[in-house]
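**Student:** Structure for this input, please:
(chains A, B, C and D, ligands or ions: 4)
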2 protein chains.
Amino acid sequence: MNSLTEENYLKAMFTLTNEKGEVNVNDLSKHLNIKMPTVTSMMKKLAAKELVDYQSYKPLRLTESGKKEAALIIRKHRLTEMFLVEKMGFGWESVHEIAEQVEHVRSPEFFDKMDEILGHPKIDPHGSPIPDKDGNIVWKEYLKLSECVPDTEVRLSAVMNSSEDFLRFLNSKELHLGLTIRIHSIEPFDQTMIVSYDNKMNEVLSSKVTERLLVEKLMLP
Amino acid sequence: MNSLTEENYLKAMFTLTNEKGEVNVNDLSKHLNIKMPTVTSMMKKLAAKELVDYQSYKPLRLTESGKKEAALIIRKHRLTEMFLVEKMGFGWESVHEIAEQVEHVRSPEFFDKMDEILGHPKIDPHGSPIPDKDGNIVWKEYLKLSECVPDTEVRLSAVMNSSEDFLRFLNSKELHLGLTIRIHSIEPFDQTMIVSYDNKMNEVLSSKVTERLLVEKLMLP
DNA sequence: AACATTTGTTAGATTAATCTAACTTTATAT
DNA sequence: ATATAAAGTTAGATTAATCTAACAAATGTT
Ligand SMILES: [Mn+2]
Ligand SMILES: [Mn+2]
Ligand SMILES: [Mn+2]
Ligand SMILES: [Mn+2]
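**Tutor:** Ligands and ions are numbered 1, 2, ... in the order given. The predicted structure follows:
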């Protein structure tokens, strides 16, 4: 059995690998707020458990078994977030911290029950995919809103960063998942975007924001 | 802030004190499955935090502040058990282990939400009182079924032991909280009781069982 | 009272997870 | 190519939580 600490390392490795192709000791150190020597020694420990491939000075890699462990923790995290939002009435901005703790509960039945009550959801409240019980994830191809061109319509499908501040900002702009966004123009100087959605006409979104919103192109009729 | 480990000691002290009037190092050691020297050193640590009054060779005592901390953890435990049973469909026999873990989640909002969704319940699925947000508990005066006399009726109000095995046994006998039980006779040799309830006529309950069932006398009309 | 048992403490070791300081390797910039 | 900076490792210390062994105090039994 892996400790809570080990679980957090595995999860961080999984996430960082998917964000930037590979993980290094330094990335993990920054992400987890833990000094590099500590990370190195944990990597050796996880290597001994065959959850990580570790070679000095080389990028870190999860083994297949490590990937699966990580995905299953992420499954618990995301099911929890979904349960908190859908069944307990929390806002999407406040569930991450709670899920960060609940994800370590050891009780398959607990998470199976959530899954069942939620009707086996495929995505979490932030649009991220929920791994299945074997740890498999279906990755959807999304675009960043910042990569889209004027005079197109897109559907807001996921957010890239689920920090409380960012999500509160989105709330204040009434930007929520599922929304159809029409792109009017992009300021060449700073990539600020003018968009419309719902009853919001000509809203201005900075690149800080458009780079964190994941969208799908809509077929125009 | 107290660690998960410290929280478990506080909770155990609170429970054992209420069960047998006082707690000793030895009781805690057995209850928590931790050797006595470890308990002694933890008591010194909790004494330094003013959660415990510790004097060598004397019975252990929680300070007021220690009692409150303990009661608040028990509040989280019991709200969790109630939520699992009432809102997630678990049986009362399977919630204790999960609650044992969830009780350590640090998020007042999480437990406030449970409390609200449950409508501010006063008792948990095993009939134990749920402390309020200030850590106050309303103790009800119950009798053990074993203390009752023939030809009376009682209401089953709580169980004294919530081990999975015992609760499964009660399930198999269709003994659940709220039930009205009529006592027919008691075998003088071994205190075995003959009782009726629901559509069960003349069920035999051993003293092992009747000592673990808490009841209220019913006024006969 | 004397002896035995149970309970509790002290001392010292162990393991997990962390740190700092010093050193080494790899990458980057002139 | 050399120097500088960044990334990574090693060694050794620290803290929390646990243990065993040895000893001491309190309790119980003849
Ligand atoms: Mn999250
Ligand atoms: Mn976590
Ligand atoms: Mn319980
Ligand atoms: Mn616990």
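
**Student:** quick one: A:Asn161 and A:Glu19, what's the gap?
**Tutor:** Counting by CB to CB, to the nearest Å, the separation of A:Asn161 from A:Glu19 is 11 Å. For the C-beta atoms, the positions are set from N, CA and C on the backbone; glycine is no exception.

**Student:** Can you tell me the centre-most residue of chain A?
**Tutor:** Using CA atoms, centre = their mean, the residue of chain A that lies closest to the mean C-alpha position is A:Ser128, 5.2 Å off.

**Student:** Would it be right to say that A:Val204 lies in a strand?
**Tutor:** Yes - when classified by DSSP: H, G, I helix; E, B strand; the rest coil, A:Val204 is found to be part of a strand.

**Student:** Neighbours of it, how many?
**Tutor:** Taking other CB atoms under 10 Å in any protein chain shown as the criterion, the count of residues near A:Val204 is 11.

**Student:** residues touching A:Ser146, list them.
**Tutor:** For A:Ser146, the contacting residues are A:Gln191, A:Met193, A:Ser207, A:Thr210, A:Glu211, A:Leu213, by CB atoms under 8 Å, 6 or more residues apart in numbering or on different chains.

**Student:** I'd like to know how far the third one sits from A:Glu147.
**Tutor:** Relative to A:Glu147, A:Ser207 is positioned 11 Å away (criterion: CB to CB).

**Student:** same check, this time on the fourth one
**Tutor:** Taking CB to CB as the measure, A:Thr210 falls 9 Å from A:Glu147.

**Student:** Which of the two has more residues huddled nearby?
**Tutor:** For A:Thr210 versus A:Glu147, the count of surrounding residues by other CB under 10 Å is larger for A:Thr210: 21 against 11.

**Student:** pretty sure that one contacts A:Leu143?
**Tutor:** No - in this structure, A:Thr210 sits apart from A:Leu143 without contact. The criterion is CB atoms under 8 Å, and the distance is 10.5 Å.

**Student:** Find the helix or strand that the residue in chain A positioned nearest to ligand 2 is a member of.
**Tutor:** Using CB to the ion, A:Glu100 is the residue of chain A that sits closest to ligand 2, at 4.3 Å. In the assignment (DSSP states H and E), A:Glu100 maps to helix A:96-102.

**Student:** Quick one: name whatever helix or strand follows that helix.
**Tutor:** On the C-terminal side of helix A:96-102, the nearest following helix or strand under DSSP H and E is helix A:108-117.

**Student:** List the buried residues in that following helix.
**Tutor:** Within helix A:108-117, the residues that count as buried by 16 or more other CB atoms under 10 Å in any protein chain shown are A:Phe110, A:Phe111, A:Lys113, A:Met114, A:Asp115, A:Ile117.

**Student:** Take that helix, keep the C-alpha atoms, and write them as PDB.
**Tutor:** What follows is helix A:108-117 as a C-alpha-only set of coordinates in PDB (Å, rounded to 0.1, in the frame of the first residue of the first chain):
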ATOM      1  CA  PRO A 108     -13.300   1.300  -2.900                       C
ATOM      2  CA  GLU A 109     -17.000   1.100  -1.900                       C
ATOM      3  CA  PHE A 110     -17.100   4.700  -1.000                       C
ATOM      4  CA  PHE A 111     -15.900   5.800  -4.500                       C
ATOM      5  CA  ASP A 112     -17.900   3.100  -6.200                       C
ATOM      6  CA  LYS A 113     -21.000   4.500  -4.500                       C
ATOM      7  CA  MET A 114     -20.200   8.100  -5.600                       C
ATOM      8  CA  ASP A 115     -19.700   6.800  -9.100                       C
ATOM      9  CA  GLU A 116     -23.000   5.000  -9.100                       C
ATOM     10  CA  ILE A 117     -25.000   7.900  -7.600                       C
END
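
**Student:** care to break chain A down by domain?
**Tutor:** Per the record, chain A has its domains at A:4-62, A:75-139, A:143-218, by automatic domain parsing.

**Student:** how about the biggest helix by length in chain A, does it get close to chain B?
**Tutor:** Ranked by number of residues, the top helix in chain A under DSSP state H is helix A:64-88. Yes - on the criterion CB under 8 Å from any CB of the partner chain, helix A:64-88 is in touch with chain B at A:Leu84, A:Lys87, A:Met88.

**Student:** Spit out the contact partners of A:Thr38.
**Tutor:** Contacts here follow CB under 8 Å, 6+ apart; on that basis A:Thr38 touches A:Ser29.

**Student:** picking that back up, which positions within the helix holding A:Glu100 qualify as buried?
**Tutor:** Within helix A:96-102, the residues that qualify as buried by neighbour count (16+ other CB under 10 Å) are A:His96, A:Ile98, A:Ala99, A:Glu100, A:Gln101, A:Val102.

**Student:** name the helices or strands packed onto it?
**Tutor:** helix A:64-88 (3 or more CB pairs under 8 Å, 6 or more residues apart in numbering or on different chains; DSSP states H and E).

**Student:** so how far is the helix it packs on from its chain's centroid?
**Tutor:** Here helix A:64-88 shows a centroid-to-chain-centroid distance of 11 Å under the convention CA atoms, centre = their mean, to the nearest Å.

**Student:** What of stretch A:114-123?
**Tutor:** Average the C-alpha atoms of stretch A:114-123, do the same for its chain, and the two points are 17 Å apart (CA atoms, centre = their mean).

**Student:** Next: stretch A:185-193.
**Tutor:** Centroid separation for stretch A:185-193 versus its chain: 26 Å, with CA atoms, centre = their mean.

**Student:** buried ones in it?
**Tutor:** Across stretch A:185-193, burial judged by 16+ other CB under 10 Å covers A:Ile186, A:Thr192, A:Met193.
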